[in-house]
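S.K.: Could you work out the structure for the sequence below:
(2 chains)
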Amino acid sequence: RKEVEQDPGPFNVPEGATVAFNCTYSNSASQSFFWYRQDCRKEPKLLMSVYSSGNEDGRFTAQLNRASQYISLLIRDSKLSDSATYLCVGGDSSYKLIFGSGTRLLVRP
Amino acid sequence: GAVVSQHPSRVICKSGTSVKIECRSLDFQATTMFWYRQFPKQSLMLMATSNEGSKATYEQGVEKDKFLINHASLTLSTLTVTSAHPEDSSFYICSARDLTGLSEKLFFGSGTQLSVL
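M.R.: All right, here's what the predicted structure looks like:
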């Protein structure tokens, strides 16, 4: 079983739609969680950290449920520029990151 | 601007040659750097943790004699793919930890696309 599992998608949504991605992790010792965004053949870029209390950054909302070992990302009012692969990431205290395989999002006009 | 510089961005080489990839932290000292590999449509897989002044720690299944890592200074880690073969063709990317300042941060290089013919 992979340490971090995601639905690969693709999610194909119209502009303005709300889309949600889910992720599960198997290592209960993981301490920190993140969502990264990766464009084709580019380095991943940090989108946001994920906390149990939930956190919001503009159109993006992330949530962590430690009991269920489940992480989510909600994108509201999708833009064309949101088209990318979204990586769910778990990390330990030494910043060793374990990446999910990514969920591909396509936002169409 | 980029705080981690990775070079080269693209390499095409013949089978059997060795390829060196450099990862530099530009304005901070990085005692720890990480090397990842990503095959098409797959996740970034951690290959090894590079520690300044000591041996790298390799993940299970990664051959340390094939993927040589050197972290001789606080700003430079190198990954050498020795005797590269077509199955080594992949996207290699490094990251570095910045421990200065109030919050710890992790920065990625821009990646190296290796194609072995």
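
S.K.: C-alpha from now on. contacts and neighbour counts both.
M.R.: Noted.

S.K.: doesn't residue B:111 make contact with residue A:42?
M.R.: Yes. Counting by CA atoms under 8 Å, residue A:42 touches residue B:111, with 6.8 Å between them.

S.K.: Neighbour count: the two, which is higher?
M.R.: residue B:111 (27 against 16; other CA atoms under 10 Å in any protein chain shown).

S.K.: Quick check: pLDDT value at that one.
M.R.: Model confidence at residue B:111, expressed as pLDDT, equals 95.

S.K.: For it, which non-adjacent residue is closest in space?
M.R.: What sits nearest to residue B:111 in space, not counting adjacent residues and going by CA to CA, 6 or more residues apart in numbering or on different chains, is residue B:93, at 4.2 Å.

S.K.: Surely the one you found forms part of a strand?
M.R.: Yes. The assignment for residue B:93 is a strand, going by DSSP: H, G, I helix; E, B strand; the rest coil.

S.K.: Tell me if I'm right that it and residue A:42 touch.
M.R.: No. Using CA under 8 Å, residue B:93 makes no contact with residue A:42, being 9.3 Å away.

S.K.: what sits in contact with each of those two?
M.R.: Listed as contacting both residue B:93 and residue A:42 by CA atoms under 8 Å, 6 or more residues apart in numbering or on different chains are B:110, B:111.

S.K.: Check chain B for the residue nearest chain A and tell me.
M.R.: For chain B and chain A, the shortest gap (CA to the nearest CA) falls at residue B:43, measuring 3.9 Å.

S.K.: how far away is that residue from residue A:97?
M.R.: 12 Å (CA to CA, to the nearest Å).

S.K.: From start to finish, how long is stretch B:55-62 in a straight line?
M.R.: End-to-end for stretch B:55-62, by CA to CA: 14 Å.

S.K.: ok, and does it reach over to chain A?
M.R.: No. Using CA under 8 Å from any CA of the partner chain, stretch B:55-62 never reaches chain A; the gap is at least 11.0 Å.
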